[in-house]
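In: coords please:
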Amino acid sequence: MSISDEQAPAVSSGREHVVTTSAEDTRRPAYGFGRVLILVYGIFAVAASARAGVQLITKADEAPLAYALSAVAGLVYVLATVALGHNGRRMRRIGWTAVVFELVGVVTVGTLSLVRPELFPDDTVWSGFGSGYGYVPAVLPLLGIAWLWHSSPARIAARAEQR
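Out: Okay, here's the model as predicted:
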């Protein structure tokens, strides 16, 4: 539902008269690199979630911490996949939270898996900084952070105004 200019509330800000109207974001969610990034996140969401699900169902007692962390990684990848595909303010905040949490998880679990390997009798997605997945889990949150920064609507608008 849109408000016409006649119905829009007038806001006074000092000397100028500003009329506000509701706006609809018509941008597509992601272009080029963003779509590839979302695809990779989606693949990792399915892979990590499926792996964790099978491990938790079939052999949860063998390495409960490792399998629970794989499940957490799967949920983070699902959240990041959905959030990176949207332009909305809330979804961008969720995206930032997910990729930063992912980065902290990769660094923490990666370090612990090298320093205290007895904690992880079986690998997680983030063990050894994602070595079992070609180190993609270590690089993915950095790419997610770069994409969120690069595609920030506020930053893009500010840059457009400078031109």
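
In: what helix or strand does the residue nearest the centre of the chain sit in?
Out: Centroid check for the chain by C-alpha atoms, centre = their mean gives residue 80 as the closest residue, at 2.9 Å. In the assignment (DSSP states H and E), residue 80 maps to helix 64-84.

In: Give me the buried positions along that helix.
Out: 66-67, 69-74, 76-84 (16 or more other C-beta atoms under 10 Å). (Each C-beta comes from the backbone N, C-alpha and C, glycine too.)

In: Show the subsequent helix or strand relative to it.
Out: The first helix or strand that comes after helix 64-84 along the chain, using DSSP H and E, is helix 89-115.

In: What mean pLDDT does that next one get?
Out: For helix 89-115, the mean per-residue pLDDT is 95.

In: What is the end-to-end distance of stretch 128-144?
Out: End-to-end distance of stretch 128-144 (C-alpha to C-alpha, to the nearest Å): 20 Å.

In: Name the residues that touch it?
Out: 37, 40-41, 44, 47, 73, 80, 84, 95, 98-100, 102-103, 106-107, 110, 113-114, 123, 125-126 (C-beta atoms under 8 Å, 6 or more residues apart in numbering).
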